[in-house]
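*Asks:* Build the 3D model from these lines:
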Amino acid sequence: MKVEQIYTGCLAEAAYYIESNGECAIIDPLRETLPYIKRAEKDNARIKYIFETHFHADFVSGHLELSQKTGATIVYGPNAECVFDCYSAKDGEEFKIGAVTLRVLHTPGHTPESSTYLLLDETGKEYCIFTGDTLFIGDVGRPDLAIKSNVTKEDLAGMLFDSLRNKIMTLPDEVIVYPAHGAGSACGKSMSKETFDTLGHQKKVNYALQDITKEEFIKKVTEGLLPPPQYFSKNAMMNKQGAGKLDEVYAHGLRKLSPVEFEAAAEETHALILDTRDPQVFAKAFIPNSINIGLNGQFAVWVGTLITDLNQPILLVCNEGMEEECVMRLARVGYDNTLGCLTGGIEAWKSAGKETDSITSIPADEFASKYAEGMNVMDVRRPGEYETEHVVNAENKPLDFINEWTNGEDRSKTYYIHCAGGYRSMVAASILKARGFENIVEVAGGYGAIAKTCVPKTNLIHAK
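*Replies:* As a prediction, this is how the structure comes out:
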């Protein structure tokens, strides 16, 4: 028996590969199918099943295309309704994979169809559980992503309480917990950076598994939830309907465009120019009106949070050799309308005599030397980060909601923008610059660097 976690850091997502006696199963696959097919070929194994723990909202699954390429059966838990051919399993139903068995445990709460899969080894012993978004390491799935008119987040939280206590906490302490996500995912509030643990240890340290009443549990899991990113509901719908073929996305997304062709495509299609280079490199020279979301951060998550139309035409500026990675990461969250990449990057653009723009970026010590109470400091971190500690008189303008607050700002003012480390602040600065804010200064290194200076700081936690 082989059990492997296939973890994708930029999405904080875990898929799983199970193999026994030449048969294998994939749990919660990402959109690109080739890695799973190659992994099975390495073991000379046949992919027999594709198990989905629920309809994912934070990425587009590869279940349909993987099934079409391998003939594997797609399996969901109870209550799953798809427009494509899949098997909706009953609670307690078992599936054989070689000499091991996977048992369905219906665990509604994160979503109505959410299910946990219990793996029994060759001797029938409970070995591990694949919990999807039902149970994370240090947290549980948020209960507000599958709300219907007659079901509230409190209703789903109550279901989650029952699922955890009746289906999961009754299992032996030595059972390994394999969740679908780790720290950085918006599917929970406070996930651990660890990506697996024993159930026994989680019973000791996970707040949601403590001896509390259902009412206390509901309050804990529903309070402090930020609104989910706008792409979540759209990705969930794509997963219910089935996404298009990734090869077709590559066909147009990886077209190599000269500066002249790139510029013409931008004008003809009103495409968004997405520059995926590192923030400080972007700041020095970029195509006017392009926005920066660096590939080396949570690229797909921020694209999905900030670009509201999945069908938005996108033209890419990438580091050489990273074009396919960019197109793939966009497709993972449903952005399939990439039109091509700038051949030769920004250097080719400049060599062709095309105009470039820039953003002023200053180190934290220079910011400290300029700091005065009247200056406009914009902190684009999330509220919890801001409340922990922030620059005195800084305004909290979370990047997550920039599409909502931009129009309320004065374009004539000079804004000093920072986040925690410099990634989000450059995203925000590029968006504001594209929307007509000319006097933007980004503070390199973010609050991590500012905290080491003499700039006056305060917090809201002690004040409460």
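
*Asks:* Only C-alpha atoms from now on, for both contacts and neighbour counts.
*Replies:* OK.

*Asks:* How are the helices of the stretch 301-450 of the chain distributed by residue range?
*Replies:* 323-332, 345-351, 364-370, 383-388, 402-405, 423-434, 446-450 (DSSP state H, counting those that start in this stretch).

*Asks:* Who are the packing partners of the following helix or strand past the last one?
*Replies:* If you walk from helix 446-450 toward the C-terminus, the next helix or strand you reach (DSSP states H and E) is strand 457-458. In terms of contact count using 3 or more C-alpha pairs under 8 Å, 6 or more residues apart in numbering; DSSP states H and E, strand 457-458 is assigned the packing partners strand 390-391.

*Asks:* Check what contacts the strand it packs on and list those residues.
*Replies:* 377, 379, 447, 455-459 (C-alpha atoms under 8 Å, 6 or more residues apart in numbering).

*Asks:* Sheet partners, orientation included, of that strand?
*Replies:* The strands that strand 390-391 pairs with in its sheet are strand 457-458 (antiparallel) (by DSSP bridges).

*Asks:* Can you give me the domain assignment for the chain?
*Replies:* Per the record, the chain has its domains at 2-232, 245-351, 360-458, by automatic domain parsing.

*Asks:* ok so, going back, make CSV from the contacts of strand 390-391 and add neighbour count, distance to residue 300 and pLDDT to it.
*Replies:* CSV is the format used below for these (neighbours: other C-alpha atoms under 10 Å; distance: C-alpha to C-alpha, whole Å; pLDDT from 0 to 100):
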residue, neighbour count, distance to residue 300, pLDDT
377, 24, 27, 97
379, 26, 22, 98
447, 23, 23, 97
455, 18, 33, 95
456, 15, 35, 95
457, 14, 32, 94
458, 16, 33, 92
459, 15, 31, 85
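
*Asks:* if we can go back for a sec, now the domains of the chain in a markdown table, please, with extra columns for distance to residue 239.
*Replies:* Output for those, formatted as a markdown table (distance: least, C-alpha to C-alpha, whole Å):
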| stretch | distance to residue 239 |
| --- | --- |
| domain 2-232 | 6 |
| domain 245-351 | 10 |
| domain 360-458 | 24 |
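
*Asks:* just the helices of the stretch 301-450 of the chain: most buried one?
*Replies:* helix 423-434 (a mean of 24; mean count of other C-alpha atoms under 10 Å).

*Asks:* list the helices and strands that helix packs on?
*Replies:* Short answer (3+ C-alpha pairs under 8 Å, 6+ apart): helix 423-434 packs on helix 279-284, strand 291-292, strand 415-418, strand 440-443.

*Asks:* Relative to residue 393, which of the ones you listed is closest?
*Replies:* The closest of those to residue 393 is strand 415-418. By C-alpha to C-alpha, the value is 11.9 Å.

*Asks:* Minimum distance to residue 79: which of the helices and strands packed on helix 423-434 has it?
*Replies:* Here strand 291-292 is closest among the helices and strands packed on helix 423-434 (C-alpha to C-alpha), at 40.7 Å.

*Asks:* Please state the offset of the closest one from the chain centre?
*Replies:* In terms of C-alpha atoms, centre = their mean, to the nearest Å, the centre of strand 291-292 is set 18 Å apart from its chain centre.

*Asks:* and that strand, what's its mean pLDDT?
*Replies:* If you average the pLDDT over strand 291-292, you get 98.

*Asks:* any weak-confidence spans in the protein?
*Replies:* The chain contains residues with pLDDT under 70 at 147-149, 460-464.

*Asks:* 50 - rerun?
*Replies:* Low-confidence segments of the chain (pLDDT under 50): 464.

*Asks:* Please determine how far the residue lying closest to residue 423 once chain neighbours are set aside is located from residue 74.
*Replies:* Excluding its sequence neighbours, the residue lying closest to residue 423 (C-alpha to C-alpha, 6 or more residues apart in numbering) is residue 279, at 6.3 Å. Taking C-alpha to C-alpha, to the nearest Å as the criterion, residue 279 is separated from residue 74 by 41 Å.

*Asks:* what do you get for residue 281?
*Replies:* The value you get for residue 281 to residue 74, if C-alpha to C-alpha is used, is 44 Å.

*Asks:* With neighbour numbers in mind, choose between those two.
*Replies:* residue 74 (22 against 11; other C-alpha atoms under 10 Å).

*Asks:* give me every residue that touches the more buried one.
*Replies:* 49-52, 63-64, 67, 85-87 are the contacts of residue 74 under C-alpha under 8 Å, 6+ apart.

*Asks:* of these, closest to residue 207?
*Replies:* Checking these one by one against residue 207 (C-alpha to C-alpha), the nearest turns out to be residue 52, at 26.0 Å.

*Asks:* Go ahead and confirm the closest one touches residue 76.
*Replies:* Yes - counting by C-alpha atoms under 8 Å, residue 52 does reach residue 76; the two are 5.3 Å apart.

*Asks:* circling back to that earlier point, tell me which of the helices of the stretch 301-450 of the chain sits nearest to residue 260.
*Replies:* Between residue 260 and the helices of the stretch 301-450 of the chain, the tightest spacing by C-alpha to C-alpha is seen for helix 345-351, at 8.7 Å.

*Asks:* Report the distance from that closest one to the chain centre.
*Replies:* Chain-centre distance of helix 345-351: 31 Å, with C-alpha atoms, centre = their mean.

*Asks:* I figured residue 327 hits residue 252, correct?
*Replies:* No - if you go by C-alpha under 8 Å, residue 327 and residue 252 don't touch, sitting 9.7 Å apart.

*Asks:* Between the two, which contacts overlap?
*Replies:* Listed as contacting both residue 327 and residue 252 by C-alpha under 8 Å, 6+ apart are residue 338.

*Asks:* Out of the helices and strands packed on helix 423-434, the one nearest residue 185 is which?
*Replies:* Going by C-alpha to C-alpha, the one of those nearest residue 185 is strand 291-292, 20.9 Å.

*Asks:* Good, wrapping up.
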